[in-house]
Structure formats: structure tokens, C-alpha cells
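Novice: Need a 3D model of the sequence below.
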Amino acid sequence: MTDLTLWHYLAIATLGVVASIVNILAGGGSNLILPLLMMFGVPPDIANGSNRVGILFQSLTGIRGFKQADKLPTGDLRGILMPMMLGGLAGSLLASVLPNSVLKPALLLTMLGVAAITFFKPNLLLTPENAEVRKVADTPWAKPLLFAAGIYGGFVQAGAGFLMLPLFAGLLCYDLVRANALKLVCTLSFTTVSLAVFIWYGKIWWLVGGVLAVGNIIGAMIGVRLALKLSPNTMRWILFVMTLVAVAGALWK
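Specialist: Just a heads-up that it's a prediction; the model follows:
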């Protein structure tokens, strides 16, 4: 693996703060981190695994903030988490065994696909008017869709929030703030599973992961405070542009 300098680590930490804010408010912050790490010469599999260290601490920090604000719904967590965790296990196993020659283009293509979805289908984040919250067990397609979102999250992480938010807001009818809180709980669940898999396969660069964790914790604290203030549409535009720039940079290298 390539040697990283102090300036590399400062850039990683700084972008970790920004990416964490994006993740707390909507999702897709890993669209920035993964291309940056690959631009710095970190192999795609190691970048993918090391990123999960920061995501773990980011999720814990964000969940704590939403819980303190009484915005964390817990009534149907078991129904939501079980298919998500199973999907996360399947996705992370896939990412751990694929060769880098396949993994890098797969990561970049999936990130671009999620960016396109957020741009062309913004209405997927809208909760139906006057709708009551639905339980997973009573909602057709909820379990397989949650499982599929878990596979994606376990495989690439980047943009997973934009697959989960339509499920929580559009399908299960949580308001967007509570949908964001649930998104973090699910992210924590499949990240824990994924991190264990990546550790088992030796896919973590611990110094990079630790630096990301520091940046992600700071960003999560800021993100929770901003969660009720910024328009999701504004975040969608910012994320779309930043995703294209980050992926273009990784492709250029």
C-alpha cells in the first residue's frame, strides 16, 4: 500500500467531517470518502473496509443526538433491522472477496447510479400526506426491499441512505427527520456486521479508519444540529454535484 503523509491525513479528516454532515442530513457521504482514498492510492477493498470504522462512530454519535431530541422511533426496530442486517452480511462478504479489478468499477458505478436516483426521483423522499406509520410485517415488499438495501450498504455503503430514506419515508410513512434517525440505526446494524467481515479478511487500514472516525464524530454532532434546518432538496443538489466531482476524480486517476 502507498505511504500517506500528514497532509493526506488532514484531508481525510476534513472530508470526514463534511461527509458525516452529509450522511446525517441525508446520505451519500461515502461518495466523497471512497474516491478520495482511492485517489490517494489506497486500494479499493481497503478503502471500502476502512471507511466502515468512521461510519460506525458516526452512526453511534448521530443516534445519540436524535435520541436526545426524542426523534428516534423504536416501535418496529426488530422488523426493520433483521432483513437489513442479513443483507449487510451478504453485501460485505461479496465486497470482501471480489478482486480490486472488479471492485473499483463496481463501487464507482453503484455510486453514480445512486446519485442519478437522487437527482431524477426526488419525490421518493416524500412521506404521503396524512399517512400513518406502517409496520414492516404489514407492508408488502418491505422485507425484501430492506434486505436489498442492506446488501447495497454492506457492499459499498456510499449512498445507502438514499436507498433507505424512500423505504422509511415513502413506504413505511415516517416523517423525514425520524426516517433519518432510523437510517442511522440501520447503518449501524449493517456496518457492525460489515466491519466484522472486513476485519476478518484483513481489509482495514486502522490509522485511516481512526482518522476518519474522528472527522465523522465531529461531523455527526454538527449534522444532528442542522438536521431540522436544511432543505432536503438543497442537500440533494449539493450531494449530486459533489458525487460527480468525486467520482470523476477517482476515474481520472
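
Novice: Next one: residue 84 relative to residue 13, how far apart?
Specialist: Note on residue 84: its distance to residue 13, by CB to CB, to the nearest Å, is 29 Å. For glycine as for every other residue, the C-beta is placed from the backbone atoms N, C-alpha and C.

Novice: So for the two, which sits in the more crowded spot?
Specialist: The neighbour count for residue 84 versus residue 13, taken as other CB atoms under 10 Å, is higher for residue 84 (30 against 19).

Novice: Which secondary structure element is home to the more buried one?
Specialist: helix 77-97 (DSSP states H and E).

Novice: again with residue 229
Specialist: Going by DSSP H and E, residue 229 is not part of any helix or strand.

Novice: Now for it, how many residues are close by?
Specialist: 7.

Novice: For it, which residues are in contact?
Specialist: Neighbour list for residue 229: empty [criterion: CB atoms under 8 Å, 6 or more residues apart in numbering].

Novice: how close does it get to residue 67?
Specialist: Distance of residue 229 to residue 67, computed by CB to CB: 19 Å.

Novice: Also residue 163?
Specialist: Using CB to CB, residue 163 is found at 23 Å from residue 67.

Novice: Who has more neighbours out of those two?
Specialist: More crowded of residue 163 and residue 67, by other CB under 10 Å: residue 163, with 22 against 15.

Novice: In the stretch 151-253 of the chain, what residue spans correspond to helices?
Specialist: Secondary structure of the stretch 151-253 of the chain (DSSP state H, counting those that start in this stretch): helices at 161-165, 176-200, 206-226, 232-252.

Novice: could you give the mean pLDDT of the helix holding residue 84?
Specialist: On average, the pLDDT along helix 77-97 is 84.

Novice: And for stretch 188-206?
Specialist: Stretch 188-206 comes out at a mean pLDDT of 87.

Novice: Give me the distance from that stretch to the chain's centre.
Specialist: Relative to its parent chain, stretch 188-206 has a centroid offset of 14 Å by CA atoms, centre = their mean, to the nearest Å.

Novice: buried set for that stretch?
Specialist: Residues 188, 189, 190, 191, 193, 194, 195, 197, 198, 203, 204, 205 are the ones in stretch 188-206 that count as buried (16 or more other CB atoms under 10 Å).

Novice: Which residue, neighbours along the chain excluded, lies closest to residue 142?
Specialist: residue 136 (4.4 Å; CB to CB, 6 or more residues apart in numbering).

Novice: Give me the pLDDT for that neighbour.
Specialist: 85.

Novice: For this protein, give me the ranges with low pLDDT.
Specialist: Residue ranges of the chain with pLDDT under 70: 1-2, 100, 103-104, 106-108, 110-131, 158-159, 230-253.

Novice: Can you give me the neighbour number for residue 207?
Specialist: 12.

Novice: What separation do you get for it and residue 14?
Specialist: Distance, residue 207 to residue 14, by CB to CB: 16 Å.

Novice: Phi, psi for the nearest residue to residue 226 once chain neighbours are set aside please.
Specialist: Nearest residue to residue 226, sequence neighbours excluded (CB to CB, 6+ apart): residue 25, at 6.2 Å. When read as degrees, to the nearest 10, the backbone of residue 25 gives phi -70, psi -30.

Novice: so residue 25 touches residue 222, yeah?
Specialist: No. The criterion here is CB atoms under 8 Å, and residue 25 misses it with residue 222 at 9.7 Å.

Novice: the more surrounded of these two?
Specialist: For residue 25 versus residue 222, the count of surrounding residues by other CB under 10 Å is larger for residue 25: 27 against 16.

Novice: and the gap between the more buried one and residue 4?
Specialist: Distance, residue 25 to residue 4, using CB to CB: 28 Å.
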